[in-house]
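J.: fold the following and give me the result.
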Amino acid sequence: MRHLRVDLATLAVTVLVLGALGVAAGFTWSAVAPTSRFALTDSGLHLADPESQTLIAADGWFAAITGALGLVSGVAAYFVTRGRAPVGAVLGVTGGGLLGAYVAYQVGSTVTGTTIQAAGPGGIRITDSLGLTAHGVLLIWPLLAAGIFWVLEFMLTYREVHHT
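T.: Predicted coordinates:
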């Protein structure tokens, strides 16, 4: 019963910490990723420059930021909880990584927001926006966090078992 309580506490704390880190990740993403410019016309919202690579760049920056946090959080969780609550830790970095990535997406896209700059000829309004087109990048943080956690677990446990 004691192990269950330790695992549940580890899970809860890890999810909360990584969710809070998602706020910082969102602000970082909004600061470094390029925004996409859209033209709002009577027929709807259109990318102002169809040749632009800003949509891909925004996804790439999000993947890089959350991927780095995934690696760091997985390594930190492994060494902080080593031998005490591995199930709670790996579930925590997985759930916390999902929450952190979602929070980062919400914060980053909200901070940048959609702002109407000016009305152009023919009633066209120009807006800037930051978002994700490849929503699969939301899984990078939890996948890398859990992956590096288990890699460390297996490598270091194997070494301990075979070298003692």
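J.: is it true that His3 lies in a helix?
T.: Yes: counting by DSSP: H, G, I helix; E, B strand; the rest coil, one finds His3 located in a helix.
J.: sec struct for the nearest residue to Leu143 once chain neighbours are set aside, please.
T.: Residue nearest to Leu143 in three dimensions, not counting chain neighbours: Gly70, with 6.9 Å by Cβ to Cβ, 6 or more residues apart in numbering. Glycine gets a C-beta too; all of them are placed from N, C-alpha and C. At Gly70 the chain is in helix, as set by three-state DSSP.
J.: number of nearby residues for Gly70?
T.: Using other Cβ atoms under 10 Å, Gly70 is surrounded by 28 other residues.
J.: and it, what pLDDT?
T.: The score at Gly70 is 98. That number is its pLDDT.
J.: next up, the contacts around it.
T.: Applying Cβ atoms under 8 Å, 6 or more residues apart in numbering to Gly70 gives the contacts Val93, Gly97, Ile140, Trp141, Pro142, Leu143, Leu144, Ala145, Ile148.
J.: mind giving me the PyMOL command for buried ones among those residues?
T.: A single PyMOL command selects the buried members of the contacts of Gly70 (16 or more other Cβ atoms under 10 Å):
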select buried, resi 93+97+140+141+142+143+144+145+148
